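Undergrad: Here's a sequence, model it:
(2 chains)
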Amino acid sequence: MAKFTRRDFIKISGGAALGVAGAGMLSHWAWPQSGVIPDPGTTPDRIVPSYCGLCFWNCGILVHVKDDRIIKLTGNPHHPLSNGKLCPRGTGGTGLVYDPDRLKKPMIRKEERSRQVFREVEWDEALDYTAEKMLAIKKKYGPEAFALLTHGSGGAWLRQLITSYGTANIGVPSYALCKGPVETGFFLTYGANPPEVENTDMRNARCITLIGTHLGENMHNTQVQDFSQAIGNGAALIVVDPRYSVAASKARYWLPIKPGTDTALLLAWMNVIIEEQLYDADYVGKYTTGFDELKKHVADKNPEWAYTRTSIKPELIRETARLMAAFEPSSFIHCGRRTTWYGDDTQRLRAIAMLNALLGAWGRKGGYYLPAQMDLPGYPYLKKSDYKPKPPVDQPKNTAYPFAEAILATGLRDASIPGSAAYDIHGWMVYGTNPLSSFTQPQKTYAALQHLDFIVSVANLPIEIAGWSDVVLPECTYLERYDDLNSPPFRVPFAALRQPAIAPMYDSKPAWWIAKQLSTRLGLEEYFPWQDAEDYLRVRVKNAALDWDSLKKNGVIVGETQPIYIEDGIVPTFDTPSKKIELYSAQLKAAGFDPMPEFKPVEEPPEGMFRLLSGRAPVHSFGMTTNNRLLGDCYAENEVWLNDKVCEELGIKDKQQVVLVNTEGARSHPVKVKKTRRIRPDCVFLVHGFGSRQRKMEFAFNKGASDTVQMNKDTTDPLIGSKALNVNFVKIEQEV
Amino acid sequence: MRPKRYAMTMDTKKCVGCSACVIACKNENQVPLNHYRDWIEQELSGDYPHLFMEIRSQRCNHCSDPPCVGICPTGASWKTKDGIVLVDKKKCIGCKACIAACPYDARYVHPQGYVDKCTFCIHRLKSGLTPACVEICPTASLVFGDINDPNSEISKVLNAREYFVNHVETGCKPNLYFLK
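TA: Next up is the predicted model:
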C-alpha cells in the first residue's frame, strides 16, 4: 500500500481547492494514479446453467457459485429466451435463496386454523400425516373432493401425484385471473392462441399497439429485449392506457382512455380501417370469414361515436388507425396478458384478434410469428389409472361457461364453500400460489378456508396460505432443485434444464421428492417408476435423442431454425369450425353470445370514488418477490397513484398516508400517495402483490396496500368464467 | 499507443428503468442493502396529457477532471491511467469531502466506514468482461468502452447519436453520456 505523508496531504488538498476554483483549467494536474485495484471477490469457482423460477417466462440463467454460495445470477448467452441478459427479478434470485424468512422445517398445525401455531416436525411425520388426511378425504367423499391449486414448474410433479390419486380438480390460477380471455379470444378467432411466451414478433415490428400492456414495468425478459430493439429501430408505438406507463413514455401516441371503453376504441379503429380500405385485402380475402358482417357491424361505430365513450378525440383515433395500417403487416396489437378486467374480456380480446387480422398480422413478420417447438415426448408412464374421476367442479351449479378452456381455480375455491357446486371440495394442496393475494373475492377465499377438512401447502416462504394450512412442506428454491424440462413454443425450438446449483438449504426438499414420497404413502408408487428427478430427466432426454451431458453443461439445447412466417412459405391453418379466421363467429352466435364484439358500458365509479386499477413494478413478480430484500432495495412498498389535480382538490400531499375504502367498506392498509400527472383523474393504481398480512414474511409484512382486499365484486366473463379485476371502486380516506 | 479513456453511454430512448443494472451491481460488488452504486432516475415534464419522461440509469461519471479526487485529503480517491476513478478503502478515512464535491451524488459511506462508488467493475475488465450492469441490461441500453479507440462500439455510438452529459457546468468532464 502506498504511504502518504502530511506533506502530501497538504499538497493534495491545495490542488483540490484550486481545481474547484478553476474547474477545467488544471487538466495537467497529476491526480494520484496508483492505488489498490478493488476486487469484491465475486468471481465464481463454478457456474451452473439452469432456468429461472421467478416468473413463468423461464429464462436461461447462469448461477455463479463460490464456496457453495450463490453469489450472482446472469443470463445464459446460449439460451434464446435470455440471450445473456436478465430482468431485475431473475438477477435478484439470490434474495430468495438467502431470505432469512424461508421455511426451514416441515410443520404441522397445533391450534385452530385462524391461529398460526405450528410445531416443527421431521419429514416422515409430516408426510405420513398428509397422506393419512388425503386418504381419509378419499375414503369419505371420493378423490374428487381433493383439489390441487398450482402455479410454476415444480407443480408438474404434484400434478402427476394428484391425477393418479384420482381427481381432475387441478386449477392454475392464471386462466381465471389473468390470461383466459387472451387464450380463448384468440382461439375463437384463429383456432390458436398466443403461447406462454407470446408469439409477438416485436423485434421486427414497425408499429406496435399496446392496450394496457405495460412493457418495461412488465419485465418479461425476451419481450422487453425485443421491445427496446424495436424502439431503437424507430418502430412507431401507440399506447392505450389510463396511466402514463413507461411504455407510454416511449410512444408516439399515448391515448389515456377512459377505463372500460377499450372495445369501443377497437371497433372504431376497425371502422376507420375498413371505411378507408386500409386493411390487408389480400390476407383478409384469403384467410378470413365474416368480413362483410364485420363491415356492417362497425359501419356506425365511427371515431365520433367512440369519442363519446372513450374520451379519445376522433382525429386521434383516425391518425392512429392510419398509422397502424400504414405499416401492415409488420404492425400488430399486442394481445396482452393479464386481461381479466371488466367481465366482458373475451369479447374485447376477440376484437383485438380481429383487428390484427385486418392488419394481416397473424403469421407475418413483424406481427405474430407462428411458433416452433421441440419434439419432446413426455415421460413414458406405463401405469394409467383405471379410475375415471367425476368431471371437475370448477363451474357453479346451474351456470356454464361454455368456452372455458381450462379449469377455473377460483371455481375450485367456490366449490370449497359447501353447497356451491355439484359436489363439495374438502381438501387442498397449494403449490406456488397464494390464493389470499391472487384470487378476487377474498371473502369467498376466507369462507373456503373455514370449511376445508385439510390444507397442505408446499412453499419456499411462509406466505399467507401457509399460515392457514394444516401441514406446511418447505420446498427448496428453484436454484436448489431439478424440475421438468422447459420447451415452450417459441421462434426457435429448444429444451432447457433446471438443475440444482447448490444443495437444498435447511430441511427443504424439491417438489419431485415430495411427490414421490407421498406417492408411496398413498399407495400410488406404481405411478412414479423413476428413482429421482435426474433419472426421470435422463429418460426424457434420451427418448428425444438429445445429449444429456451437453444439456447439463450448457443448460439448453437449441434445435434447428424453422420457418415461422407465412412469408417463409408456411401455409397457415386455422383450427376454427370454418377453418378460417373467424371475424364473425357462428359458434358464439349458436351458443347465444354476440358473434362480433359489442361495446357494453361498464358501471361508473360513484361520486367521490375512483376505479381501482393494478399492475406491475419491474422488480417484482407480485407477492412472490415482495419479501425479497434485494429486490426490495429498489421497490419495497407500493404507493397509490392519484392524479395531481385530484390531490390538490382533496388536499392530499405527495407521500401522504391514506386508506382506501371500497364500496363494500373493505379497508386497505395505510398506503402512501404518489401524486402524479401520470394517471387519469377517474382512477387510481396500485402495484399488485403488496400489503402482506403475514407476520412471518418479516420484510413484506405491512408494506403498502393490497389491491386484492378491495376486489370484493364478483363480475364474471360469461364465456369463460374468468374474474374481473378492474370493477372495484375506492374512496381515499385521509388518516387523522 | 494512446492511453485508454473508459466511458459509458446510456440510451434514454431504450431504457425502461427496470433496475436490472442496480441489482446486478449489488450482487457483483456486494453493495450493502440501502446503498447504491447505480440507480434509476425518471424525470417527468409537461402537463397531462402532454407528458414527456426521460429515464436514466445513473452512476459515477468517472470524470476526466474529477473533483472528488482533488478534494480527497488522504489520496484514497484516485484515477487510473485509463480514466477510472477509484477509492482505496484502506486509505479512506470516511471524511466525506468527496461526497460533498461530487456533482452526481455517486458516492456513499459503506457501513464499514469507507467511501464506496462505481468502479466500472474494473476487476472484470482484465478478463475481457464488461461491467455487470452492462452485461445484464435486457434493453442493451448501456455501452461501455474506450472512447480513445475510434473503432470501439462506444465511439461508434457517440458518432452516430446525439447525446448530453449531466452537470456540464461543473467543468469536470464527465464520461457518462446519455443518448437522446
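Undergrad: where does chain B have low pLDDT?
TA: B:1 (pLDDT under 70).
Undergrad: just chain A next, same as before
TA: A:1-30, A:736.
Undergrad: What spatial separation is found between the residue of chain B most remote from its centre and residue A:644?
TA: Distance from the C-alpha centroid of chain B, by Cα atoms, centre = their mean, peaks at residue B:49 (32.8 Å). Distance, residue B:49 to residue A:644, using Cβ to Cβ, to the nearest Å: 13 Å. From N, CA and C alone the C-beta is placed, and that goes for glycine too.
Undergrad: Could you look up the SS state of residue A:474?
TA: strand (DSSP: H, G, I helix; E, B strand; the rest coil).
Undergrad: That one: what's its closest spatial neighbour, skipping adjacent residues?
TA: residue A:103 (3.5 Å; Cβ to Cβ, 6 or more residues apart in numbering or on different chains).
Undergrad: Now that neighbour: which helix or strand?
TA: For residue A:103, there is no host helix or strand (DSSP states H and E).
Undergrad: same check, this time on the one 10 residues further on
TA: Taking DSSP H and E as the criterion, no element holds residue A:113; it sits outside all helices and strands.
Undergrad: Residue A:451 is in contact with that one, correct?
TA: No. Under the criterion of Cβ atoms under 8 Å, residue A:113 makes no contact with residue A:451, lying 10.2 Å away.
Undergrad: What ranges does chain B have for its helices?
TA: B:20-28, B:67-71, B:97-101, B:122-125, B:132-136, B:153-160 (DSSP state H).
Undergrad: Take the ones you listed and write them to JSON lines, including distance to residue A:605 and mean neighbour count.
TA: Formatted as JSON lines, the helices of chain B follow (distance: least, Cβ to Cβ, whole Å; neighbours: other Cβ atoms under 10 Å in any protein chain shown):
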{"stretch": "helix B:20-28", "distance to residue A:605": "36", "mean neighbour count": "29"}
{"stretch": "helix B:67-71", "distance to residue A:605": "52", "mean neighbour count": "25"}
{"stretch": "helix B:97-101", "distance to residue A:605": "48", "mean neighbour count": "19"}
{"stretch": "helix B:122-125", "distance to residue A:605": "53", "mean neighbour count": "18"}
{"stretch": "helix B:132-136", "distance to residue A:605": "41", "mean neighbour count": "25"}
{"stretch": "helix B:153-160", "distance to residue A:605": "48", "mean neighbour count": "15"}
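Undergrad: any chance of those in CSV, plus distance to chain A?
TA: Formatted as CSV, the helices of chain B follow (distance: least, Cβ to the nearest Cβ, whole Å):
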stretch, distance to chain A
helix B:20-28, 4
helix B:67-71, 3
helix B:97-101, 7
helix B:122-125, 4
helix B:132-136, 5
helix B:153-160, 11
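Undergrad: any chance of the ones you listed in a markdown table, plus distance to residue A:590?
TA: Shown next, in a markdown table, are the helices of chain B (distance: least, Cβ to Cβ, whole Å):
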| stretch | distance to residue A:590 |
| --- | --- |
| helix B:20-28 | 49 |
| helix B:67-71 | 74 |
| helix B:97-101 | 72 |
| helix B:122-125 | 63 |
| helix B:132-136 | 52 |
| helix B:153-160 | 58 |
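Undergrad: so what's residue B:9 bridging to?
TA: residue B:143, residue B:177 (DSSP bridges).
Undergrad: What is the burial count for it?
TA: 23 (other Cβ atoms under 10 Å in any protein chain shown).
Undergrad: ok, it - contacts?
TA: Applying Cβ atoms under 8 Å, 6 or more residues apart in numbering or on different chains to residue B:9 gives the contacts B:142-143, B:154, B:157-158, B:161, B:163, B:176-179.
Undergrad: Buried by neighbour count, from these: which ones?
TA: B:142-143, B:154, B:157-158, B:163, B:176-179 (16 or more other Cβ atoms under 10 Å in any protein chain shown).
Undergrad: Surely residue A:636 touches residue A:703?
TA: Yes. With contact defined as Cβ under 8 Å, residue A:636 and residue A:703 form a contacting pair (6.0 Å).
Undergrad: Is the residue nearest to residue A:474 in contact with residue A:467, as I believe?
TA: No. If you go by Cβ under 8 Å, residue A:103 and residue A:467 don't touch, sitting 11.1 Å apart.
Undergrad: Do you have the helices of the stretch 351-500 of chain A handy? List them.
TA: Using DSSP state H, counting those that start in this stretch, the helices of the stretch 351-500 of chain A run over A:409-414, A:435-438, A:442-451, A:464-467.
Undergrad: tell me the most buried of those helices?
TA: helix A:409-414 (a mean of 26; mean count of other Cβ atoms under 10 Å in any protein chain shown).
Undergrad: Take the host helix or strand of residue A:295, keep the C-alpha atoms, and write them as PDB.
TA: Residue A:295 is part of helix A:291-298 when elements are defined by DSSP H and E. Taking C-alpha atoms only, helix A:291-298 is exported to PDB below (Å, rounded to 0.1, in the frame of the first residue of the first chain):
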ATOM      1  CA  PHE A 291     -65.700  -9.700 -43.400                       C
ATOM      2  CA  ASP A 292     -69.000  -8.400 -44.800                       C
ATOM      3  CA  GLU A 293     -70.700  -8.900 -41.500                       C
ATOM      4  CA  LEU A 294     -67.900  -7.100 -39.700                       C
ATOM      5  CA  LYS A 295     -68.100  -4.200 -42.200                       C
ATOM      6  CA  LYS A 296     -71.800  -3.800 -41.400                       C
ATOM      7  CA  HIS A 297     -71.200  -4.300 -37.700                       C
ATOM      8  CA  VAL A 298     -68.700  -1.400 -37.400                       C
END
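Undergrad: Am I right that residue A:674 is in a helix?
TA: No. Assigned with three-state DSSP, residue A:674 falls outside any helix and is strand.
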